[in-house]
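Colleague: Attaching a predicted model along with its sequence, questions to come.
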Amino acid sequence: MRLRGQLTASGFPLDGVSDEDLRKGVQMMGETFRDAAPMTASQAASIILDGVRENRWRILVGEDAEIIDAEVRQDPEHAYDAEFWQTLQARGLFGFAG
């Protein structure tokens, strides 16, 4: 399973987690994101289309995107480190705390 390799490479411990449990976890995260999203798909589309109409070169959708963008700009050299993303996850930026 490709996801297992990606998560393991990112430092997530998956010992004892079956592929089926991973699949269910990903499905649950998707459903939680859909059901608890801070805006609808229509609202997000409006932000994107308005940005395109205004010829903005950068369009960020949602407060979480703005925070992540600011953090990456503040520390771009570490933006690809697992610890960087684990810190953001612990802050609850991905809909769940670490």
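Modeller: Structure received. Not measured: the values here are computed from a predicted model. Residues are numbered from 1 along each chain as shown.
Colleague: Just the helices from the protein, written as ranges.
Modeller: Under the criterion DSSP state H, helices of the chain are mapped to 2-9, 19-36, 41-53, 63-74, 82-90.
Colleague: Now for the chain, the helix or strand with the poorest mean pLDDT.
Modeller: helix 2-9 (a mean of 81; mean pLDDT, DSSP states H and E).
Colleague: which residue packs closest to Asp64, ignoring adjacent ones?
Modeller: Of all residues beyond its chain neighbours, the one nearest Asp64 is Leu93 (5.0 Å), with distances taken as CB to CB, 6 or more residues apart in numbering. Just so you know, the C-beta spots here come from the backbone N, C-alpha and C atoms, and that holds for glycine as well.
Colleague: right, and Val52 touches Ile59 too?
Modeller: Yes: judged on CB atoms under 8 Å, Val52 makes contact with Ile59 at a distance of 7.3 Å.
Colleague: the more surrounded of these two?
Modeller: Remark: of Val52 and Ile59, Ile59 carries more neighbours, 13 against 10, as counted by other CB atoms under 10 Å.
Colleague: And that one, how far from Ala41?
Modeller: Using CB to CB, to the nearest Å, one gets 15 Å for the distance from Ile59 to Ala41.
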